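**Q** just a sequence and a predicted model for now, questions to come.
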Amino acid sequence: EVIIDPELPMELAIQRRDLTINALMYDYKNKTIIDLCNGIDDLKNKVIRCVNPNTFIEDPLRVLRIAQFAARFEMIVEDETLELCKKMVKQGMLDHLSNERVYGEYCKMLMANRPSLGFEFLKEIGGLPSYLYDLTRTHQRLDYHPEGDVFEHTMLVLDVAALMKQKTDEPLSFMWSCLLHDIGKPLVTTSE
C-alpha cells in the first residue's frame with residue numbers, strides 16, 4: 001500500500017532519499033538549492049554517504065547504485081555507508097535483485113571513466129558475483145602479470161579500455177568483453 005502525503009514536511013520526505021547527493025532539492029520559486037543533508041559538501045569532496053540507514057536498506061539496488069556512482073564520478077564511500085553496504089550483502093539482500101536491474105547498474109559502471117572503482121567497492125563489501133570473486137583467488141605468473149591476481153589484471157584492463165571505448169563500434173559490448181575476457185582462468189589455472 002502506498003500512502004501519498006502532499007503535506008509531508010520536506011525534512012521528513014528527504015529521509016526517503018538514498019544518498020546525500022541525491023537529496024538536493026531546488027526551489028523553483030526562489031531559485032535556490034535546498035541542501036538539508038550536506039549533499040553539496042559531499043559532491044565537492046567526492047564522498048558517497050547515505051541519508052538515513054533505516055530507509056537505505058529498504059532497496060538493495062542502492063548498493064549497486066553506489067558502485068556505479070563511485071565509478072562514474074570517481075567518488076569514495078564514507079565508512080558508515082560502506083559498513084551498511086557490507087551488512088546488506090552479508091544478509092543476502094543483493095540476491096533478491098532481478099538480473100535486469102543488476103545488468104543495468106553494471107552497464108553504467110562499465111561505461112564510466114574508471115570502472116575499477118565500482119568493482120573494487122563491490123569486492124571490498126563482499127558484493128562481487130561469484131564469477132568475478134573467483135578472479136580474486138586466481139593468481140598469474142608474475143613474470144607476465146606483475147599486477148597480481150586475475151581480478152587486479154581485469155581492473156587494469158577495464159580502466160585502460162574505458163579510455164578507448166568510444167573508438168569502438170559498440171562501446172558497451174567492448175567493455176563487457178574486457179570485464180569477462182579472463183573469466184575462464186579460474187577453471188584452467190593450476191598452481192604450477
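**A** Looks like it came in fine.
**Q** which residues sit against the helix or strand hosting residue 117?
**A** For residue 117, the host element (DSSP states H and E) is helix 115-125. Residues lying outside helix 115-125 but in contact with it, judged by C-beta atoms under 8 Å, 6 or more residues apart in numbering, are 63-64, 66-68, 70-72, 74-75, 77, 82, 85-86, 89, 109, 112, 127-128, 132-133, 136, 151, 155-156, 158-159, 162, 175, 179. (C-beta placed from N, C-alpha, C; glycine too.)
**Q** narrow these to those in strands?
**A** When strands are assigned by DSSP state E, the members of the contacts of helix 115-125 inside them are residue 77.
**Q** pull out the buried members of the contacts of helix 115-125.
**A** Buried members of the contacts of helix 115-125, counted by 16 or more other C-beta atoms under 10 Å: 63-64, 66-68, 70-72, 75, 77, 82, 85, 89, 109, 112, 127-128, 132, 136, 151, 155, 158-159, 162, 175, 179.
**Q** show me the contacts for the residue nearest the centre of the chain.
**A** Compute the mean C-alpha point of the chain, and by C-alpha atoms, centre = their mean the closest residue is residue 67, 0.7 Å away. Listed by C-beta under 8 Å, 6+ apart, the contact set of residue 67 reads 105, 109, 118-119, 121-122, 127.
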